[in-house]
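Trainee: below are the sequence and a predicted model; questions follow.
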Amino acid sequence: MDLHSVMCVSDLARSLEWYEVFFGREADEIIGEEHLWQVGENAYLVLDARDVRSSRVGGSMITFGVGGGEFDAALARLARHGVAHEPVETYSNGVRHVEVLDPDGNSLSLAALP
């Protein structure tokens, strides 16, 4: 099964800069006006700023399961670039979780198993 999760954004240039910081790299692929980051073998996060998506801007939520090292590296990268995030939570089962909001209020969370 393939997954394409669309993040509707209002300003493509601003969002591209932000998502490049979040992922630590430029988009892996550009198809038409959509920019795609491959986040799994057959899974992509897609940025879409087309007017046809304007009513959906800011309403997306997605959680990425990452390793502990990836979790810490992502937080350090965000801090270096001045990107704020919610407080890191540690659940009773040891999972660490943090929510990061993009410039439009879309929620991207990271979750790391202990």
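Mentor: Great, that's in hand.
Trainee: rest of the way, CA atoms for contacts and neighbours
Mentor: Fine.
Trainee: as a quick check, tell me the outermost residue of this structure.
Mentor: residue 92 (24.8 Å; C-alpha atoms, centre = their mean).
Trainee: what distance do you get for that residue to residue 56?
Mentor: Noted for residue 92: a distance of 34 Å to residue 56, by C-alpha to C-alpha, to the nearest Å.
Trainee: same question, residue 113
Mentor: Residue 113 is 31 Å from residue 56, by C-alpha to C-alpha.
Trainee: residues in contact with residue 101?
Mentor: Contacts here follow C-alpha atoms under 8 Å, 6 or more residues apart in numbering; on that basis residue 101 touches 85, 107, 108.
Trainee: and which of those is nearest residue 8?
Mentor: Within the set of the contacts of residue 101, residue 107 lies nearest residue 8; the separation is 11.3 Å, counting by C-alpha to C-alpha.
Trainee: ok, the closest one - contacts?
Mentor: By C-alpha under 8 Å, 6+ apart, the contact set of residue 107 is 58, 59, 60, 61, 62, 99, 100, 101.
Trainee: now render the residues you listed as TSV, adding secondary structure.
Mentor: Shown next, in TSV, are those (DSSP: H, G, I helix; E, B strand; the rest coil):
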residue	secondary structure
58	coil
59	coil
60	coil
61	strand
62	strand
99	strand
100	strand
101	strand
